[in-house]
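Colleague: Here is my input, please return the structure:
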Amino acid sequence: MSSNSIKILAGNSHPALAEAICKKLGLPLAQINVYQYSNKETSVTIGESIRDEDVYIIQTGTGQDEINDFLMELLIMIHACRTASARRITAVIPCFPYARQDKKDKSRAPITAKLIANLLTTAGADHVITMDLHASQIQGFFKIPVDNLYAEPSVLNYIKNKTDFDNTILVSPDAGGAKRVASLADKLDLNFALIHKERQRANEVSRMVLVGDVAGKSCLLIDDMADTCGTLCKAAEVLLNEGNAKEVIAIVTHGIFSGNAFERLANSKLSRVVCTNTVPVNSNLAILDQIDISPTLAEAIRRLHNGESVSYLFTHAPI
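Modeller: Reported below is the predicted structural model:
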């Protein structure tokens, strides 16, 4: 790819992913200094000219304490590029922050995902690339184009090559993910089961009911994100104890793993936990495995820059 009119910038949220994307594109990371003053204000200095350039800013919405810092970093970087006369600014946000706050589900609840959309647009972003939005209607919160990529093609490859495929059943840990799991099951020609869960309060599951026959099967729990991992761990117990499953493997797109998630996973009945690298995972947990999605993001950037269709990536995983 010609590097004459494209610049890749990265914040501090996931430098390893930014480097992997640049390696796939055959481009260097642009020089940028993003740091905090002692009073925690964020400062951004771009170290090279980006006038009339096509700029892509890679910053994922993650971090237990740093998520708001990383969001401010992204907004300030977009604004810095806008004031430096960049031709087009694309925010590449593999894991969209505040995506679970996408609707007014109780009195006086904010729709924070809409606020984030407004902030990104106001800062000066012309385009957004993200992956596996928690709720696809978030795309409608923007007045600018949003490409919501899917980890599904990469997950399909993983299931075919690295699991006991002939004795496998897909399981959705909640009713909300049934559509996602049904789509995967259809493409793989596999059966799927469902777990109905009832919550007393957010992030706390009180009761689970299994719908479907999983006896003697290798169960693949499919979800878009794993946060505290309470749902996954409890679902694994239900599948093994009540469903008499052979084993349970969890496959998620965004491995957020906040709080004591790793401790829960280490003590759980899950035989493997698989996530993509949309979010940095700092753990040496033996059962943890990762799927690299940098080729998909790199190909999306290349196609967007060259004015090509991105829809190919909805069904194919680049190597």
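
Colleague: Could you use CA atoms for every contact and neighbour count after this?
Modeller: OK.

Colleague: mind checking the SS state of Ala236?
Modeller: helix (DSSP: H, G, I helix; E, B strand; the rest coil).

Colleague: Buried residues, stretch 190-198. List them.
Modeller: Asn191, Phe192, Ala193, Leu194, Ile195, Lys197 (16 or more other C-alpha atoms under 10 Å).

Colleague: and of the residues you listed, the nearest to Gln101?
Modeller: Gln101 lies nearest to Lys197 out of those, by C-alpha to C-alpha, at 19.3 Å.

Colleague: what about the closest one, which SS state?
Modeller: Applying three-state DSSP: Lys197 is strand.

Colleague: Just to check, it is in contact with Gly230?
Modeller: No: if you go by C-alpha atoms under 8 Å, Lys197 and Gly230 don't touch, sitting 11.5 Å apart.

Colleague: What's the local residue count around Ala16?
Modeller: 15 (other C-alpha atoms under 10 Å).

Colleague: Leaving out chain neighbours, which residue sits closest to it?
Modeller: Leaving aside its sequence neighbours, Ala16 sits nearest to Pro280 (C-alpha to C-alpha, 6 or more residues apart in numbering; 8.0 Å).

Colleague: Make TSV from the buried residues of stretch 190-198 and add distance to Lys40 to it.
Modeller: TSV is the format used below for the buried residues of stretch 190-198 (distance: C-alpha to C-alpha, whole Å):
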residue	distance to Lys40
Asn191	51
Phe192	48
Ala193	47
Leu194	45
Ile195	43
Lys197	40
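
Colleague: Just put those residues in CSV and tack on distance to Gly11 and pLDDT.
Modeller: Shown next, in CSV, are the buried residues of stretch 190-198 (distance: C-alpha to C-alpha, whole Å; pLDDT from 0 to 100):
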residue, distance to Gly11, pLDDT
Asn191, 42, 93
Phe192, 39, 91
Ala193, 40, 93
Leu194, 39, 92
Ile195, 38, 90
Lys197, 37, 74
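
Colleague: wait, which of those is closest to Lys7?
Modeller: Closest to Lys7, out of all of the buried residues of stretch 190-198 and judged by C-alpha to C-alpha, is Phe192, at 43.5 Å.

Colleague: What separation do you get for the closest one and His134?
Modeller: Look at Phe192 and His134: by C-alpha to C-alpha, to the nearest Å, they are 21 Å apart.

Colleague: show me where pLDDT drops low in the protein?
Modeller: Within the chain, the ranges that satisfy pLDDT under 70 run 1-4, 63-64, 199-206.

Colleague: all strands of it, in order?
Modeller: All strands of the chain, identified by DSSP state E, fall at 6-10, 32-36, 42-46, 54-58, 88-93, 127-131, 146-149, 168-172, 192-201, 204-211, 218-226, 247-255, 272-276, 288-291.

Colleague: buried set for stretch 34-54?
Modeller: Val34, Thr42, Val44, Ile46, Ile50, Arg51, Glu53, Asp54.

Colleague: Format those as a markdown table; extra columns: distance to Ile287.
Modeller: Listed next are these as a markdown table, based on distance: C-alpha to C-alpha, whole Å:
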| residue | distance to Ile287 |
| --- | --- |
| Val34 | 34 |
| Thr42 | 37 |
| Val44 | 38 |
| Ile46 | 40 |
| Ile50 | 43 |
| Arg51 | 47 |
| Glu53 | 43 |
| Asp54 | 40 |
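
Colleague: quick one: which of the buried residues of stretch 190-198 is nearest Asn12?
Modeller: For the buried residues of stretch 190-198, the nearest to Asn12 is Lys197 (36.2 Å; C-alpha to C-alpha).

Colleague: Quickly note the distance from the closest one to Cys81.
Modeller: In terms of C-alpha to C-alpha, Lys197 sits 45 Å off from Cys81.

Colleague: Please apply the same query to Ile111.
Modeller: 28 Å.

Colleague: Neighbour count for the two, which is higher?
Modeller: Each of Ile111 and Cys81 has its neighbours counted (other C-alpha under 10 Å); Cys81 has more, 27 against 16.

Colleague: got the contact list for that one?
Modeller: Residues near Cys81 by C-alpha atoms under 8 Å, 6 or more residues apart in numbering: Ile50, Val55, Ile89.

Colleague: Just put these in JSON lines and tack on distance to Leu285.
Modeller: Below are these laid out as JSON lines (distance: C-alpha to C-alpha, whole Å):
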{"residue": "Ile50", "distance to Leu285": "41"}
{"residue": "Val55", "distance to Leu285": "36"}
{"residue": "Ile89", "distance to Leu285": "37"}
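
Colleague: Need the strands of the chain in TSV (columns: distance to Asn157).
Modeller: What follows is these, written out as TSV (distance: least, C-alpha to C-alpha, whole Å):
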stretch	distance to Asn157
strand 6-10	28
strand 32-36	36
strand 42-46	39
strand 54-58	25
strand 88-93	23
strand 127-131	17
strand 146-149	16
strand 168-172	14
strand 192-201	18
strand 204-211	26
strand 218-226	14
strand 247-255	12
strand 272-276	13
strand 288-291	10
